[in-house]
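In: Build the 3D model from these lines:
(4 chains)
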2 protein chains.
Amino acid sequence: MTSMRARPSFAPRGAESCTSCGARRASVCIAIEEKDLERLAALAVPLPVPAGRTFITEGDPAEHFFNVTHGTAKLFKLLPDGRRQVTGFASAGTFLGLAVSSSYAFSAEAVEPAQVCRFSRTRLRHLLDDFPAMERRLLDVASNELVAAQEQMLLLGRKTARERVASFLLAREACAAVGPVPSARGHISLPMARTDIADYLGLTVETVSRTMTRLRIERLIDMPSPTEIILRNHDALTALAAGLS
Amino acid sequence: MTSMRARPSFAPRGAESCTSCGARRASVCIAIEEKDLERLAALAVPLPVPAGRTFITEGDPAEHFFNVTHGTAKLFKLLPDGRRQVTGFASAGTFLGLAVSSSYAFSAEAVEPAQVCRFSRTRLRHLLDDFPAMERRLLDVASNELVAAQEQMLLLGRKTARERVASFLLAREACAAVGPVPSARGHISLPMARTDIADYLGLTVETVSRTMTRLRIERLIDMPSPTEIILRNHDALTALAAGLS
DNA sequence: CGTGCTTTTGAAAATCATCAAGTATAGTGG
DNA sequence: CCACTATACTTGATGATTTTCAAAAGCACG
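Out: Okay, the predicted model is just below:
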C-alpha cells in the first residue's frame, strides 16, 4: 500500500541533472567545469531513495559509485549475528563507493527520504582519465574521510559513553554548519534514529538515551524533541568531547 | 638469502635510493617507471628511524609525506589525558601523511628500527602533476585504507575482546603473507609491544595478555615468545574473528 | 647480578550491556 | 477526527565483560 517502488516520473536524464544540482558545489562534481558538465550528466543516473531503503549492500559486486544529492544515508557493516557498526552518515555532497575491491565493503541505507546520483564505476573511471582535477578531488575526499575515520577510531577505542555522545553532537553541529540548510547556532537535527546513533558510537540505544537525558538534566543540551537538539553549554561539551572532564 | 640482505643501511642520497629500494614494488612508487625514478629519487630523503623515535607528531605542520621502506611504525592519536588510540601499523611500502589539512592528524613512531623516505609535500604535489599514474595509485591506497578503517571501526565498536585479538592475529598473518619477509605458514611475529596492541584494539594490556593466554590454553594459538605467535587452529580463529563463537 | 621494563596473573571495581517495562509518537484505519 | 497499533524512545534493575589496582614473573641490558 505504502509502496514507494513506483518509478518516479521525473529525473530527465541529462537535461538539467548536474547543472542544477544543489549538491554539486559540496561534492566532487565541483571539479568538473560548467562546460563539461554535460559529459558528467550523461553518466549520472538520479535515483530517489525512500527512507529505510538499502541502496548499497555489503558484499555485492561494486558496479556503481554514488553521490548523495539530498537527504541522509547511514553506512554500516554487519556481523553474522546481527551486530552492526554504522561507519558514517552521508549527507548531500557525499561520494560513496570508493574501493579498489570488486565488491562493496559496506551497506548504505537512507535514514530519511534521499536522492542519490548513480554512476557506472567503469564509465566514471574513464571519465576520470579526462578530468584529472576530479581524480585529485577524489583523493582529497578520501584523505579527509581517512582523517575522520581515525578520529572515529579514537572515539570507539578510547572514549567513554559521555564523551562519545558529546563528540557526536559537536560533529553534527559542525556538519550542519557546512550543510546546505543553515540552522540556528547550536541547533542541530538528528534525522537518524537512536539505534543508528548507538551503532555509530559503539553503544546501545539505552546508553545513548540515558546519556542524552543526563546531558539535558545537567543543562549541557536541550531536547525539544528526540530529533532536535540544542547545544546549551558549548564549552562544556567541547571539553567533554576532548576527554577533559 | 644473503643477496637480499645486501642493502646499505645508510642509503646514500639520490644515487640509488629509489632504483634499489626494496619497498618500491610494494609502495606507491611502483607507479613511477624505471626511467623516471631519478626524478623521484631527487625528492626522496631517506631517513633511518630508531625504535621508539616519533617522526610524525599530531598537530605539527604537515610539510612532508613519508614512505616506510623498512621496519614497522605505529600511527596513533592521543587524548589530552594520555589515552591513546593506535590507528594502524605501517610496514615497508606504507605511504603516510595523506591529508588535506595543513597539520598532521596523527603521530607516528617506529616500533622497531625503521627506514623511511621523506618527501616534501609541495614538491611531491608538483611531481604528481607529471605522473597521474601515481596519483591514481594514491587514490587506490587511500581507498584501501578507508576500507581497512571501516573494518577496524566494526572491531572497535562491536567486537568482544576475544574477537578483537583473533581478528588482529589473522590480520597480522595476512599482512605477513604479502610482506617482503615470507614467514612459515601460521607463524607471525609481533614487533609491537602489548601496550601498542592494546591501544590498537581499544583494550588494556592486561586484557590483551589474558585473552592471548586463554587462546593458548585452548590450543588456538602457540606462543613460543611474546613476540612470536603460531596460529594453531586457523578455522576456530577465523570463526571467532567473524563473530561466530 | 642487579635494575628497569615488559608481560603475565590475581582480586576488586566500574562502566556499560542486558533484560524488562513504561511512555511518547507517528502512522493507519475506522 | 479520534482511537488504535506499531514503533521509537526513555527509564529502571540487574549482571557481565572489561578496567583498574596490585604484584609477581620473565627478559634485556649495563
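
In: use CA for all of it now, contacts and neighbours both
Out: OK.

In: Across the sheet, point out what pairs with the spatially closest residue to residue A:62 that is not a sequence neighbour.
Out: Leaving out its chain neighbours, the residue that sits closest to residue A:62 by CA to CA, 6 or more residues apart in numbering or on different chains is residue A:103, at 4.4 Å. Judged by DSSP bridges, the bridge partners of residue A:103 are residue A:61.

In: just checking, residue A:103 touches residue A:56?
Out: No: proximity of residue A:103 to residue A:56 does not meet the contact threshold set by CA atoms under 8 Å, at 10.2 Å.

In: neighbour-wise, which of those two wins?
Out: More crowded of residue A:103 and residue A:56, by other CA atoms under 10 Å in any protein chain shown: residue A:56, with 23 against 15.

In: for chain A, longest helix please?
Out: Using DSSP state H to define each element, chain A has its longest helix at helix A:132-158.

In: Any part of that helix near chain B?
Out: Yes: remark: helix A:132-158 sits within contact range of chain B at A:132, A:135-136, A:138-140, A:142-147, A:149-154, A:156-158, by CA under 8 Å from any CA of the partner chain.

In: following that helix, which helix or strand shows up next?
Out: helix A:161-178 (DSSP states H and E).

In: what's the helix or strand just after that following helix packed up against?
Out: Per DSSP H and E, the first helix or strand lying C-terminal to helix A:161-178 is strand A:187-189. Where contact means 3 or more CA pairs under 8 Å, 6 or more residues apart in numbering or on different chains; DSSP states H and E, strand A:187-189 is packed against helix A:161-178, strand A:228-231.

In: Any idea which of these gets closest to DNA strand C?
Out: Nearest to DNA strand C, of all the helices and strands packed on strand A:187-189, is helix A:161-178, at 3.8 Å by CA to the nearest atom of the strand.

In: Residues touching the closest one, excluding its own?
Out: A:155-156, A:182-183, A:186-188, A:201, A:203, A:207-208, A:211-212, A:237-238, A:240-243 (CA atoms under 8 Å, 6 or more residues apart in numbering or on different chains).

In: if we can go back for a sec, and residue B:220, which of the helices and strands packed on strand A:187-189 is closest to it?
Out: Across these, residue B:220 has its closest neighbour in helix A:161-178 (33.0 Å, CA to CA).

In: Identify the residues contacting the residue nearest the centre of chain A.
Out: In chain A, the residue lying closest to the centroid (CA atoms, centre = their mean) is residue A:90, at 1.1 Å. Applying CA under 8 Å, 6+ apart to residue A:90 gives the contacts A:68, A:72-75.

In: before we move on, back to that, contact partners for the residue nearest to residue A:62?
Out: Per CA under 8 Å, 6+ apart, neighbours of residue A:103: A:58-63.

In: do that again at 10 Å, thanks
Out: Residues counted as contacts of residue A:103 (CA atoms under 10 Å, 6 or more residues apart in numbering or on different chains) are A:57-63, A:97.

In: If I look at it, what pLDDT would I see?
Out: Per-residue pLDDT puts residue A:103 at 97.

In: Next: the one 10 residues further on.
Out: Each residue has a pLDDT score; the one for residue A:113 is 95.

In: Pull up the gap between it and DNA strand C, please.
Out: In this view, residue A:113 and DNA strand C are 11 Å apart by CA to the nearest atom of the strand, to the nearest Å.

In: repeat for residue A:21
Out: Relative to DNA strand C, residue A:21 is positioned 27 Å away (CA to the nearest atom of the strand).

In: In space, what's closest to residue A:207 - neighbours in sequence excluded?
Out: Once flanking residues are discounted, residue A:207 sits nearest to residue A:161: 7.4 Å by CA to CA, 6+ apart.

In: so what's the closest residue to residue A:234 other than its chain neighbours up against?
Out: Ranked by CA to CA, 6+ apart and with sequence neighbours excluded, the top spatial neighbour of residue A:234 is residue A:220, at 7.4 Å. Counting by CA under 10 Å, 6+ apart, residue A:220 touches A:166, A:212, A:214, A:230-237.

In: What's the PyMOL line that selects buried ones from those residues?
Out: The PyMOL command for the buried members of those (criterion: 16 or more other CA atoms under 10 Å in any protein chain shown) is given here:
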select buried, chain A and resi 166+212+230+231+232+236+237
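
In: out of the contacts of residue A:220, who's nearest residue B:116?
Out: Out of the contacts of residue A:220, the member with the shortest distance to residue B:116 (by CA to CA) is residue A:166, at 37.7 Å.

In: Distance check, the closest one against residue B:68.
Out: Residue A:166 is 36 Å from residue B:68, where distance means CA to CA, to the nearest Å.

In: No further queries at this time; thank you.
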